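> Return a 3D structure for these sequence lines:
(2 chains)
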Protein chains: 2
Amino acid sequence: MSNPYQYAKRNQERFLDEYQELLRIRTISTQPQHAEDVARAAEWLREMMLRIGMDSAEVILMPAGRCPLALGEWNGAGEAAPTILIYCHYDVQPAEVADGWDTEPFEPTIKDGRLYCRGAVDSKLHVMSNLKAVESCLASDDKPKVNIKVVLEGEEESGSENINAFIAAHPERLAADIAMISDGAILAPDQPSLTYGLRGITGLELHVSAPVSDLHSGHWGGSVHNPIQALCEILARLHDENGTVTVPGFYDDVAAVTPQDRALLEKVEPFMQAEWDDVVSAPSVWGESEYILPERLGARPTLEINGIHGGYTGAGMKTVLPARAFAKITCRLVPHQDPARALRCVMEHIKRIAPSSISVEMRPSEPGAEAVLLDVDGPAMAAAAEAYTFAWGVEPVYERAGGSVPITFECMKVAKEVVIMSYGLKSGRAHGPNENIYLQNFYNGIQSTIKFIDVVGEGRG
Amino acid sequence: MSNPYQYAKRNQERFLDEYQELLRIRTISTQPQHAEDVARAAEWLREMMLRIGMDSAEVILMPAGRCPLALGEWNGAGEAAPTILIYCHYDVQPAEVADGWDTEPFEPTIKDGRLYCRGAVDSKLHVMSNLKAVESCLASDDKPKVNIKVVLEGEEESGSENINAFIAAHPERLAADIAMISDGAILAPDQPSLTYGLRGITGLELHVSAPVSDLHSGHWGGSVHNPIQALCEILARLHDENGTVTVPGFYDDVAAVTPQDRALLEKVEPFMQAEWDDVVSAPSVWGESEYILPERLGARPTLEINGIHGGYTGAGMKTVLPARAFAKITCRLVPHQDPARALRCVMEHIKRIAPSSISVEMRPSEPGAEAVLLDVDGPAMAAAAEAYTFAWGVEPVYERAGGSVPITFECMKVAKEVVIMSYGLKSGRAHGPNENIYLQNFYNGIQSTIKFIDVVGEGRG
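Below is the predicted model:
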């Protein structure tokens, strides 16, 4: 007789092939020219969900016509059984060889037990771990004792605007007892971790202009406030020397780090420091000196400049005094900051400090996402801990993740409990070049999700 | 009987055609992919110089193999006669439609009495005004009473390194009684101006790096000094709120603005302010409040950021914490600043203020150029004033130009006197999009150069 754990192990090779097939689709949701790739992936996922035995699956077009949802349901456990909602996203960040990739970003490459590809960690790993876990459960003789909904988003990397609206308009479609958000990263290949907090996000583009067009810096330099300089002067006034954000009101609603937080996060610190040394490896650790590393990364908000451009940046000298310059900014938020209020504080501060010698235009990156704090002591978290322990052979530690998983907040509206289960690795370079996973994490992830479904079905979740 | 002034007027249309032919050649010296265009233009100019009746003309290859000189001589006035050296440059700055051009940057377009094209002002206007003046002189019955050397540089926009070395190695090739540097801009279409000072230049690229590769700003933000932020913090500390450069030692050798300077430059102020309103049109005039506009633009040094780049600057959001960021900086210098010393001051200051949380690399843009101050009361300046008055019907005013004409300093080594004669306009958007001239300035320029040759030949220069 076949059980789902054995089924998954027997089909490991095929599962890996299918994972790679999905990785090859350039689901870059932030770039309109990839809209067709995103749509193709959604259809691929719909067919996959029907093929693995779900009752129904559909592609839901979003109002803007881009980045559809793929939604699947299996209700074989009956009306009395609880329902698990599994959320993942299949869209990815942009990637170019020129960013520093050693391989083609959209061609999966396996080397020394790792798989390199854009989306390998963030988040096609989770899409495929979960679909293959569901396949394994539905293919075995003992059917799951929970109903299963799977929602696969195609717009997570560009703001999740439409899924939020969809959930608000159709809360029953995703209603569940437990929502399992499957995204993010664990601490180390052999150290699973459970995330009980996520940072939120808000952002804007800041455009500075002064002369009506690009000028000769010899003819006019000294008589006009250079927009690059003015932009730098504004950006330089957003942090103090300790790395603390200087925007008035920015920290007003920030939840204090409690003694329980400090106790949990101190266990994580050595792992994080090791990972920092490996992945970041800057000349020195930076940031608010009164907080330990896991607090800076999970329990404290940030204001980060993600991009800046102005003037001539090609080869050789071009003595131009440019007409304009701009920067892209995002803030990571923590409980209980309101994204709209945090953004307003930043925008008002910039408006206040911008000199009258230049013009400033700010374009908010709507919508933001609130930070999330989950119950460390709840039953869903206990089921997740049991699943990790089964799959990895090691108990998880508890951390607060620095990234945003905006959907979590929405899921909290439609599910009684929410748990975040990550199978990626921080060292996996999500959003950067050479994004990769350990293949073993993919296989462990499948086992972990099967176990989670089992435990919840047995009424222990 | 034909005189050169009449000859020039009769051939105006053909001269304009030839000018446009030269404008179409993409002589972008800063971009290696245009090396062949630059070489082709040099050959075109050599043939032109022979065709207009000069005794000899040659293309002189530079050591790096790029951006050759075109050199012509006419010695028909005899050994006893004085020699005029006419200098211009035929290379141009890069230009792309995307920079904001309303027309193809390298296709001359005539509209409402103006000609739009990259190089129209800077400086093919001067190349062609002078060659066509020489043609007119040599074609007339009364031959010039001065010998004429013409040197056409192909590397002015990318540092003039090789012409400086060439002059140092072969001073006799360019030796002259009067060097006429033909570059730059006059104050207004109907107000010629004589430049008695030019700013020098020096520059560098500043690279800041911190993490070893681009990171996810959620995972790592708050623990590493963002290189864009650090770069902005450094750049924001290079000026005070008055626009004064804060680099220690930067102003040590700066010549004070004298009462004579102030008296001459006050006459220029209304023209400059009008031109500023038209061309710059920023929210407000900016810069050192204790100096009037023509002083800020000609008698005071600057530190200008010409370009900046870091992180993701494409469409949509990419929450990246970038590995590096850089800026391109140039300083305009005044008498008696030494370019090497000024650059050293800037580099030492940046090194001093750069925090230990990031790595800094600085790449000087060699070589710099010293500023120039010419004798307002000398005979060459008087001849130039007579030439302008003849061609424009208006006496010139005296100004100090903000741009650099690095060759001036070199010409001062090989010529007894140096004069700078500009036929372009500040409103002509040199280095920017929609660079243009009034066609009338081209025709006036030809008449002016003929007159200058005449006056010097009559022993009044």
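> Tell me which residues touch A:V245, please.
Going by Cβ atoms under 8 Å, 6 or more residues apart in numbering or on different chains, A:V245 touches A:238-239, A:251, A:301-303, A:331. Every C-beta, even on glycine, is put in place using the N, C-alpha and C of the backbone.
> closest point of the stretch 101-250 of chain A to chain B, which residue?
As assessed by Cβ to the nearest Cβ, chain B sits closest to A:G218 within the stretch 101-250 of chain A, at 3.0 Å.
> if you skip the residues just before and after it, what's nearest to that residue?
Of all residues not flanking A:G218 in the chain, B:G403 sits nearest, at 3.0 Å (Cβ to Cβ, 6 or more residues apart in numbering or on different chains).
> Equivalent analysis for A:I201, please.
If the residues on either side of it in the chain are set aside, A:I201 comes closest to A:S404, at 4.1 Å by Cβ to Cβ, 6+ apart.
> Surely the one you found and B:H216 touch.
No. Contact between A:S404 and B:H216 fails when scored by Cβ atoms under 8 Å: they sit 10.2 Å apart.
> Please identify every residue contacting each of the two.
Taking Cβ under 8 Å, 6+ apart as the contact criterion, the common neighbours of A:S404 and B:H216 are B:T319.
> Between the two, which is the more surrounded one?
Ranked by neighbour count (other Cβ atoms under 10 Å in any protein chain shown), A:S404 and B:H216 place A:S404 first, with 29 against 24.
> and that one, what does it touch?
A:198-201, A:332, A:369, A:371, B:218, B:319.
> from those, which is closest to B:L174?
The closest of the contacts of A:S404 to B:L174 turns out to be B:T319 (Cβ to Cβ; 57.1 Å).
> Hmm, that closest one is touching A:H431, no?
Yes. Between B:T319 and A:H431 there is a contact at 6.4 Å, judged by Cβ under 8 Å.
> The two - which one has more neighbours?
Remark: of B:T319 and A:H431, A:H431 carries more neighbours, 28 against 25, as counted by other Cβ under 10 Å.
> quick one, phi psi at that one?
phi 70, psi -10 (degrees, to the nearest 10).
> Now do the contacts for it.
Counted by Cβ under 8 Å, 6+ apart, A:H431 has contacts A:93, A:122, B:214-217, B:318-320.
> Mind checking which of the residues you listed are in helices?
Per DSSP state H, helices hold the following members of the contacts of A:H431: B:S217.
> Point out where the stretch 351-461 of chain A drops to low pLDDT.
For the stretch 351-461 of chain A, the stretches with pLDDT under 70 are A:366, A:406, A:460-461.
> show me where it has strands.
Taking DSSP state E, counting those that start in this stretch, the strands of the stretch 351-461 of chain A run over residues A:359-364, A:372-373, A:397-401, A:415-420, A:424-425, A:436-438.
> Return the residues of the stretch 101-250 of chain A in contact with chain B.
The stretch 101-250 of chain A comes close to chain B at residues A:122, A:157-159, A:185, A:199, A:201, A:203, A:210-226, A:228-229, A:231-233, A:235-239, A:243, as judged by Cβ under 8 Å from any Cβ of the partner chain.
> would you say A:H126 is within a helix?
Yes. Membership of A:H126 in a helix is supported by DSSP: H, G, I helix; E, B strand; the rest coil.
> that older thread, give me the common contacts of B:T319 and A:H431.
Between them, B:T319 and A:H431 share the contacting residues B:216-217, judged by Cβ under 8 Å, 6+ apart.
> Number of residues surrounding the residue of the stretch 101-250 of chain A closest to chain B?
27.
> Tell me which residues touch it, please.
Neighbouring residues of A:G218 by Cβ under 8 Å, 6+ apart: A:319, B:199, B:201, B:332, B:401-404.
> Could you check the pLDDT of A:K318?
What the model reports for A:K318 is a pLDDT of 85.
> next one: the strand or helix carrying A:V208 to chain centre, how far?
Assigned by DSSP states H and E, A:V208 falls within strand A:200-209. Offset of strand A:200-209 from its chain centre (Cα atoms, centre = their mean, to the nearest Å): 19 Å.
> got it, and stretch A:309-320?
Chain-centre distance of stretch A:309-320: 34 Å, with Cα atoms, centre = their mean.
> now the angle between strand A:359-364 and the strand holding A:V208, please.
Angle between the axes of strand A:200-209 and strand A:359-364 is 160 degrees (criterion: axes from the mean of the first three to the mean of the last three Cα atoms, to 10 degrees).
> could you give me the average pLDDT of strand A:200-209?
96.
> ok, of the contacts of A:H431, which one's closest to A:F409?
B:T319 (17.0 Å).
> Measure how buried the residue of the stretch 351-461 of chain A found nearest chain B is and give me the count.
Per Cβ to the nearest Cβ, A:G403 is where the stretch 351-461 of chain A lies closest to chain B, at 3.1 Å. Using other Cβ under 10 Å, A:G403 has 26 neighbouring residues.
> ditto for A:P32
When neighbours are counted by other Cβ under 10 Å, A:P32 registers 12.
> from memory it sits against A:R66, does it?
Yes. A:P32 lies in contact with A:R66 (Cβ under 8 Å); the separation is 7.2 Å.
> which residues pair with A:A176 across the strands?
A:A415 (DSSP bridges).
> can I assume it is in contact with A:Y87?
No. Here A:A176 lies out of contact with A:Y87, judged by Cβ under 8 Å, at a distance of 9.7 Å.
> Please identify which of these two sits among more neighbours.
Neighbour count, other Cβ under 10 Å: between A:A176 and A:Y87, A:Y87 has more, with 29 against 23.
> Got phi/psi on that one?
phi -110, psi 130.
> And A:L198, by the same measure?
The phi and psi values for A:L198, taken as degrees, to the nearest 10, are phi -130, psi 140.
> dump the residue contacts of it.
A:184, A:371-372, A:400-401, A:403-405, A:408, A:420.
> Repeat the analysis, applying 6 Å as the threshold.
By Cβ atoms under 6 Å, 6 or more residues apart in numbering or on different chains, the contact list for A:L198 reads A:372, A:401, A:405, A:408.
> what does A:V418 give?
So A:V418 contacts A:179, A:411-412 (Cβ under 6 Å, 6+ apart).
> Now render these as TSV, adding neighbour count and distance to A:W74.
Below are the contacts of A:V418 laid out as TSV (neighbours: other Cβ atoms under 10 Å in any protein chain shown; distance: Cβ to Cβ, whole Å):
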residue	neighbour count	distance to A:W74
A:A179	29	16
A:C411	25	19
A:M412	16	23
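> Before I go, just wanted to say thanks for your time.
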